[in-house]
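Novice: this one's sequence-less:
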């Protein structure tokens, strides 16, 4: 499984949310402005299909697309790589980074500790 571009990840986020969608439905759900051109979005979805992330059902000349790779599968693969590449394979470094950047609160850290303790 290869890493997706930011735009491809954005399209996959929409497909994971919608579960199945025609390009027109993806375009309607696309956040922000300007939205990509229909043909651009269609090309991106076909590229995602070639990469093995998306499948389709044919309805005459139109296709309804759906994710083949789950959000969880993608997350597991690339969070691990991010931790390896940017935090020296150390999740403690990842958490301390977010704490230093004030992206995670003490209360959230306590909740994480409780989750960990419950699994033990």
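Specialist: Perfect, I can see it now. Quick caveat: nothing in here was measured; it's all calculated off a predicted structure.

Novice: which elements pack onto the helix or strand where residue 10 lies?
Specialist: Applying DSSP states H and E as the criterion places residue 10 in helix 6-18. If contacts are counted by 3 or more Cβ pairs under 8 Å, 6 or more residues apart in numbering; DSSP states H and E, helix 6-18 sits against helix 23-29, helix 38-50, strand 62-67, helix 71-87. Any C-beta I mention is one placed from the backbone N, CA and C, and that applies to glycine too.

Novice: give me the domain ranges for the chain.
Specialist: 6-67, 71-119 (automatic domain parsing).

Novice: re earlier: show me what counts as buried in the helix holding residue 10.
Specialist: Residues of helix 6-18 classed as buried: 8, 11-12, 14-15, 18 (neighbour count, 16 or more other Cβ atoms under 10 Å).

Novice: picking up where we left off before, any idea which of the helices and strands packed on helix 6-18 gets closest to residue 108?
Specialist: The closest of the helices and strands packed on helix 6-18 to residue 108 is helix 71-87. By Cβ to Cβ, the value is 17.2 Å.

Novice: so the very next helix or strand once past that closest one versus helix 71-87, what angle?
Specialist: Per DSSP H and E, the first helix or strand lying C-terminal to helix 71-87 is helix 91-100. Using axes from the mean of the first three to the mean of the last three Cα atoms, to 10 degrees, one finds that helix 91-100 and helix 71-87 are set 80 degrees apart in direction.

Novice: quick thing: my sequence starts at 61, can you match it?
Specialist: Sounds good: first residue 61 from here, last item helix 151-160.

Novice: state the next helix or strand along the chain beyond helix 151-160.
Specialist: That would be, after helix 151-160 and using DSSP H and E, helix 166-179.

Novice: most tightly surrounded among the domains of the chain?
Specialist: Highest mean neighbour count of these: domain 66-127, a mean of 15 (counted as mean count of other Cβ atoms under 10 Å).

Novice: ends of it, how far apart?
Specialist: 17 Å (Cα to Cα, to the nearest Å).

Novice: for it, what is the distance to the chain centroid?
Specialist: The offset between the C-alpha centroid of domain 66-127 and the centroid of the whole chain comes to 13 Å, using Cα atoms, centre = their mean, to the nearest Å.
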